[in-house]
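> Could you look at this predicted model? Sequence included:
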Amino acid sequence: MLTFGYPWLFIVLPLPLLLRWLLPAYGEQRPAVRMPFFKMLTETSGSKTAGGAAVRKRSLIQALLLIVIWCAAVVALTRPQWLEPPVVRELPTRDLLLAVDLSGSMEAKDFKNKEGKTVDRLTAVKEVLDEFLSRRQGDRIGLLVFGTAAFVQVPFTQDLEVSRQLLGETAVRMAGPKTAFGDAIGLGITLFERSEVEQRVMIVLTDGNDTGSKVPPHEAARIAADKGIVIHTVAIGDPTSVGEEKLDQEALKQVAKISKGKYFFAGDREQLEGIYTELDRLETRKVETVSYRPRLDLFHWPLALIAGLFLGYHLIMAIVSGRKRGIR
């Protein structure tokens, strides 16, 4: 669709006619010889004098050419633009952070993969999370891993392929053998401080109790809640285990309750897959749609028309003048 950036400039179109009507015709004074007896000479010789100055009139072609050039110049000044079809862009309205436990107990082989083969817990978690990530198109996803310490594996990004690739590169004990659950929440809070969206969700998957955090998990959860961060906790492992391998379900339930999230327990791969399906329904994909229409400037076309007419006219006049001189 054709539109104009400054359509009000069309009011100058009749300006040449207005100036022609208001201003006097241009006159040029030239030096002349004064003869006191000029009238007597003309009467004696029987000559007649011409009255006033001679005005050279423009041809019809010149008049039309000037009209077209003026109109094209005005059109160029109005900045003609071609309005292209709207382009819709979706902006994420939520940041989703996944926190995965890589402590030593994640190498226990008590889960089964899709093919029914017995695999370690981390392998099953990767398989389920990969499917979960494939359904999160439009969200910004972050990934942190924790063991004895917590580390950022992937900062918030919409490039889910990178997130899935770096998730696949994680390994048991790469962050240490213990479980720093509280520190993982604290690191997540730090990541969310750089976020500009209002909805902030954290999903923590762990199979052990906190054994070395500087900040207790429930205290970290209170800070997260104050900053509007919702934490869903997913427990994976054997509830009957003791010692450092103990699964502290009460701590996980407390963290979820404080931050207004939900607590889940996964005893096998089927339960784990069902949990992430439920989380997928809870945290539905939300985007903000921004639409704009690109504008293509066209002012160079009327300017090209002016240049072409000007050069074409003078070229034709030069050819015609040359032929007349040749005839003479």
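Yep, it's here. Just so it is clear, the model here is predicted, and its values are computed rather than measured. Residues are numbered from 1 along each chain as shown.

> Counting neighbours, what do you get for residue 152?
15 (other C-beta atoms under 10 Å). No exception for glycine: its C-beta is placed from N, CA and C like everyone else's.

> what do you get for residue 211?
For residue 211, the neighbour count with other C-beta under 10 Å is 17.

> In stretch 309-326, which residues are buried?
By 16 or more other C-beta atoms under 10 Å, the buried positions in stretch 309-326 come out as residue 309.

> What mean pLDDT does it get?
For stretch 309-326, mean pLDDT is 82.

> Likewise for stretch 104-121?
81.

> Regarding the protein, what is its longest helix?
When the chain is parsed with DSSP state H, its longest helix is helix 300-327.

> helices or strands up against it?
Using 3 or more C-beta pairs under 8 Å, 6 or more residues apart in numbering; DSSP states H and E as the contact test, the elements touching helix 300-327 are helix 60-77.

> Now residue 127: closest residue in space, sequence neighbours ignored.
Spatial nearest neighbour of residue 127, excluding adjacent residues (C-beta to C-beta, 6 or more residues apart in numbering): residue 113 at 5.9 Å.

> I'd say the one you found and residue 270 touch.
No: applying C-beta atoms under 8 Å as the test, residue 113 and residue 270 come out as separate, 11.3 Å apart.

> Can you tell me the number of residues neighbouring the residue nearest to residue 127?
Considering only other C-beta under 10 Å, residue 113 is surrounded by 14 other residues.

> pull the helix or strand with minimum mean pLDDT from this structure.
Using mean pLDDT, DSSP states H and E, strand 287-292 stands out as the lowest-scoring helix or strand of the chain, at a mean of 61.

> which stretch of helix or strand covers residue 172?
Assessed by DSSP states H and E, residue 172 sits outside every helix and strand.

> for residue 97, same thing?
strand 94-101.

> what are the pairing partners of that strand, and which direction each?
Taking DSSP bridges as the criterion, strand 94-101 forms sheet pairs with strand 140-146 (parallel), strand 199-206 (parallel).

> following that strand, which helix or strand comes up?
Next along from strand 94-101, by DSSP H and E: strand 111-112.

> what's in contact with that next one?
Residues outside strand 111-112 that contact it (C-beta atoms under 8 Å, 6 or more residues apart in numbering) are 118-121, 123-124, 268-269, 272.

> Mind giving me the PyMOL select for the residues you listed, buried ones only?
The following PyMOL line selects those of the contacts of strand 111-112 that are buried, judged by 16+ other C-beta under 10 Å:
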select buried, resi 119+120+121+123+124+269+272
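
> picking that back up, format the strands paired with strand 94-101 as TSV; extra columns: mean neighbour count and distance to residue 11.
Putting the strands paired with strand 94-101 into TSV (neighbours: other C-beta atoms under 10 Å; distance: least, C-beta to C-beta, whole Å) gives the following:
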stretch	mean neighbour count	distance to residue 11
strand 140-146	23	50
strand 199-206	24	50
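
> and those strands, which one is worst for confidence?
Ranked by mean pLDDT, the strands paired with strand 94-101 bottom out at strand 199-206, which scores a mean of 87.

> May I have it exported as PDB, CA atoms only?
The C-alpha trace of strand 199-206 is given here as PDB (Å, rounded to 0.1, in the frame of the first residue of the first chain):
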ATOM      1  CA  GLN A 199       6.900 -14.200  35.200                       C
ATOM      2  CA  ARG A 200       9.800 -16.100  36.600                       C
ATOM      3  CA  VAL A 201       9.700 -19.900  37.100                       C
ATOM      4  CA  MET A 202      12.400 -22.300  38.400                       C
ATOM      5  CA  ILE A 203      12.200 -26.100  38.300                       C
ATOM      6  CA  VAL A 204      14.600 -27.900  40.500                       C
ATOM      7  CA  LEU A 205      15.400 -31.600  40.100                       C
ATOM      8  CA  THR A 206      17.400 -33.200  42.900                       C
END
